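Enquirer: Any chance you can model this:
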Amino acid sequence: MVEPELTPDEAVRSLVECAIEVNSNPREFFHLLYDQVPRTPELIEQVEGMNRQLVLGFSEYLQSRGFSADDALLTSRLTVTAVDGQVHRVVLESDSPEELRVRTEAVVR
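Expert: Sure thing, here's the model as predicted:
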């Protein structure tokens with residue numbers, strides 16, 4: 001999922017950009033889903049499955065950079081959760097594509 005040759009900064013940036021793309025294309029659809037769609041067991045499982053894939057993929061990357069399996073998994077869970085929370089704030093609070101770009105840059109710095 002995350003290419004082993006990336007630097008840690010590039011890997012985190014890749015995660016953030018992926019999360020922003022998933023949550024902002026189209027932005028209006030994300031707002032509708034976030035505000036109106038019931039959270040069915042199937043939808044919850046789908047979202048949790050995607051999060052598990054992100055955590056495991058980033059954990060593998062961290063292990064390739066010398067983290068122990070336990071440290072990589074914990075660090076990956078914390079990173080994916082933090083990215084997810086910040087991305088939702090960026091997407092939900094930006095009013096234009098330019099503002100979204102500026103906020104994306106702020107998150108990944």
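Enquirer: Ala11 is in what secondary structure piece?
Expert: Taking DSSP states H and E as the criterion, Ala11 maps to helix 8-24.
Enquirer: who's in contact with that helix?
Expert: The contact list for helix 8-24 (C-beta atoms under 8 Å, 6 or more residues apart in numbering) reads 2-3, 6, 30, 54, 58, 61, 65, 79-80, 83-84, 86-88, 90-91, 100, 104, 107-108. (Each C-beta comes from the backbone N, C-alpha and C, glycine too.)
Enquirer: how near is the residue lying closest to Ser94 once chain neighbours are set aside to Gln86?
Expert: Closest residue in space to Ser94, ignoring its immediate chain neighbours: Leu100 at 4.1 Å, by C-beta to C-beta, 6 or more residues apart in numbering. Per C-beta to C-beta, to the nearest Å, Leu100 is found 13 Å from Gln86.
Enquirer: how big is the angle separating whichever strand or helix holds Leu54 from helix 8-24?
Expert: Under the criterion of DSSP H and E, Leu54 resides in helix 41-64. Per axes from the mean of the first three to the mean of the last three C-alpha atoms, to 10 degrees, the angle that helix 41-64 makes with helix 8-24 is 170 degrees.
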